[in-house]
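J.: Got a predicted structure plus its sequence, pasted below:
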Amino acid sequence: MHLSPAQLSAALSLRDLSDPADGPHAMQALLAEVVQSLCSGWVIPAAWHRTPALVSVEDNYDRLGFSADDVTRDRRYSRYASDTVMLRSHTSAGIPPLLRGLDTDRWPDALHVLPGLAYRRDGIDRTHVGEPHQVDLWRIGPRAKLDAAGLGTADRGSDGSMDAMVASVVNAVLPGARWRTVASAHPYTQGGRQVDVWVDGSWLELAECGPVAPRLLAQAGLSPNAYGGLALGMGLDRALMLRKGIDDIRLLRSSDERISSQMLDLTRYRPVSHQPAVTRDLSVVIDASTIDEAIGDAVREALGERSGDLESVAILARTEASDLPAAAVERLRLRVGQVNALVRVVIRPLERTLTSVEANALRDDVYLAIHAGPVKELIA
């Protein structure tokens, strides 16, 4: 139920594209533009915080206000190192310790920037990875000053200040883009919203935001009568993909020089030649309770670096034993609580074309990673 030492080491050794210490990347330039836009608009300084990836479960969930039965706590979604320590599932996990130790003399009114990797169990497709990059942007300052600027009243119906923050962020990520906000509850904000941008004829989620919940300040020893603020969280992978016109998240980490050389600035991405896709459909046995995210996580764990050759792994259908022909049930040897799943694997390495033999071997490795039945059907 807990991460093995090898799994923990692999997670902690992953390069953080948002951190200059791990080498230059366009993600850092985009984040710098966002921070500059907010700080110049508010005329306040930025305080940067690089927080640990291993956090207490209390800071990741409890102190942020997540309920004890919140589904995100489930081990199917989060990665636990022990019963009390986990790999953070969001960069917001750094907020409770930040507020507890906030030096209000040094930072009487500032934008606190918390970028880094988050660790989840997720599916495999062109827009999702198990270790996405995020940033939390929190302005914390004197309540009287925020009220005077119209910021402190956002939780009482005034949305001008929140809109100004959103407009600043959107314009930094996608200059001139249309945007909207819709209600979205978060346990650490009041009047929370989701920020969507209009891209290629549809609305796409970019960020979430809201006035900081007074309870969060109070539990850190900061009086809500004296302090207040605004919070915004954004996925940096998606933001960068939108800015550069990238449609495959794997490109952000590609080692192909034709691609990696384009990940050093914010100019529009120029596509290089795409390799042909190889599709394999698998008939496997899985537990009925298995979620799509667990499938993706199991495949990544089994294939390691080779999982980067997979464009997507998707469950197309689940069929219970009662809906299968008797011959199929006998062949698969389904047990109680198991189902037959049709899984489509799309193989498309970014840098080269696989031979048929290589593709079949990769197909078999995916099969072995997710198949829970006693009878194995391998083709390599």
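T.: That came through fine.

J.: ok, then the element right after the lengthiest helix in the chain?
T.: Secondary structure assigned by DSSP state H gives helix 26-42 as the longest helix of the chain. Tracing the chain past helix 26-42, the next element assigned as helix or strand by DSSP states H and E is strand 46-48.

J.: Where does pLDDT dip in the protein?
T.: Across the chain, residues meeting the criterion (pLDDT under 70) sit at 149-160, 273.

J.: One more pass at 80, please.
T.: The model of the chain has pLDDT under 80 over residues 1, 76, 122-124, 147-161, 273-275, 380.

J.: Tell me which stretches of it form strands.
T.: Assigned strands in the chain, in chain order: 46-48, 54-56, 79-80, 85-87, 110-117, 133-142, 179-183, 193-199, 202-211, 227-235, 278-287, 310-320, 338-347 (criterion: DSSP state E).

J.: closest one to Tyr269 among the ones you listed?
T.: For the strands of the chain, the distance to Tyr269 is smallest for strand 193-199, at 14.5 Å, taking CB to CB. In short, each C-beta sits where N, CA and C put it, glycine included.

J.: So what touches that closest one?
T.: Outside strand 193-199, the residues within contact range by CB atoms under 8 Å, 6 or more residues apart in numbering are 162, 166, 169-170, 173-174, 177-184, 203-210, 232, 242.

J.: likewise stretch 18-38?
T.: Contact partners of stretch 18-38, identified using CB under 8 Å, 6+ apart, comprise 15-17, 46, 50, 111, 113, 115-117, 133, 135, 137, 139, 165, 168-169, 171-173, 234, 236-237, 239-240, 243-244, 252, 263-266.

J.: and the gap between the closest residue to Leu350 other than its chain neighbours and Ser307?
T.: Counting by CB to CB, 6 or more residues apart in numbering, Leu350 lies nearest to Ser254, which is 5.2 Å off, once chain neighbours are set aside. Summarising the geometry, the distance separating Ser254 from Ser307, computed by CB to CB, to the nearest Å, is 14 Å.

J.: Among those two, which residue is more densely surrounded?
T.: Counted by other CB atoms under 10 Å, Ser254 and Ser307 do not tie: Ser307 has more neighbours, with 21 against 17.

J.: List the contacts of the closest residue to that one other than its chain neighbours.
T.: Using CB to CB, 6+ apart and skipping residues adjacent in sequence, the residue nearest Ser307 is Arg300, 4.6 Å away. In this structure, Arg300 makes contact with Ile124, Gly130, Ser307, judged by CB under 8 Å, 6+ apart.
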